[in-house]
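>>> based on what follows, work out the 3D shape:
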Amino acid sequence: MAVWTASELKRLADAHVARCLETRNRPKVSELARNAELPIYAFSKVFLRLVGERPRDYLERGLIERAKRLLLTTEESIEEIADACCYQDPATFYRAFRRVVGMTPKQFRKRYGVVASRIPSSGKGGKKHH
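Reported below is the predicted structural model:
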């Protein structure tokens, strides 16, 4: 049986989330455990002990981090962002986002704004004239 460190488990999980985002397939703890060559129960127990959170929560946080970046850097709709982050149901995305971030995606975007919307698309209006 392989001996894992917290940083190795995080790298494995981050790579799994990245692959899932590329294919738009929801990340699964069972696939992650298989990649680690451990039974799911043993993997979950080791992950929790070394990383400090359940693998399911870690994977979901990875998806939500991606959603936060998209909310801040694109003008895509929240539904499009939910889909891009492996959430087939926008309501499930809203609940997960609120659980992880403490506010809804709409509230997050309103509070922190869309960076893309603050960048002038042409030379006009980009600078204040004194």
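>>> for residue 87, which three-state class applies?
Classification of residue 87 using DSSP: H, G, I helix; E, B strand; the rest coil returns coil.
>>> helix or strand for the spatially most central residue of the chain, which one?
With distances taken as C-alpha atoms, centre = their mean, residue 63 lies nearest the centre of the chain, 1.9 Å away. For residue 63, the host element (DSSP states H and E) is helix 55-73.
>>> elements contacting that helix?
Here helix 55-73 touches helix 6-23, helix 29-35, helix 40-51, helix 78-84, helix 90-101, helix 105-112, helix 115-118, going by 3 or more C-beta pairs under 8 Å, 6 or more residues apart in numbering; DSSP states H and E. (C-beta placed from N, C-alpha, C; glycine too.)
>>> for that helix, buried residues please.
Of the residues in helix 55-73, 55, 57-64, 66-68, 70-71 count as buried by neighbour count, 16 or more other C-beta atoms under 10 Å.
>>> angle of it against helix 90-101?
100 degrees (axes from the mean of the first three to the mean of the last three C-alpha atoms, to 10 degrees).
>>> pull the residues that contact helix 55-73.
Here helix 55-73 makes contact (C-beta atoms under 8 Å, 6 or more residues apart in numbering) with 10, 13-14, 16-17, 20-21, 27, 29, 32-33, 43-44, 47-48, 51, 53, 76, 78, 81-82, 84-87, 93, 96-97, 100-101, 105, 108-109, 112-116.
>>> mark which of those residues are buried, thanks.
For the contacts of helix 55-73, buried by 16+ other C-beta under 10 Å: 10, 13, 16-17, 20-21, 27, 29, 32-33, 43-44, 47, 51, 78, 81-82, 84-87, 93, 96-97, 100-101, 105, 108-109, 114.
>>> what number of residues lie near residue 41?
9 (other C-beta atoms under 10 Å).
>>> so, low pLDDT: which residues of this structure?
In the predicted model of the chain, residues 1-2, 115-130 satisfy pLDDT under 70.
>>> mind redoing it with 50?
Within the chain, the segments meeting pLDDT under 50 span 119-130.
>>> returning to what we had before: which one of the buried residues of helix 55-73 sits closest to residue 6?
Proximity of the buried residues of helix 55-73 to residue 6 (C-beta to C-beta) peaks at residue 58, which lies at 10.8 Å.
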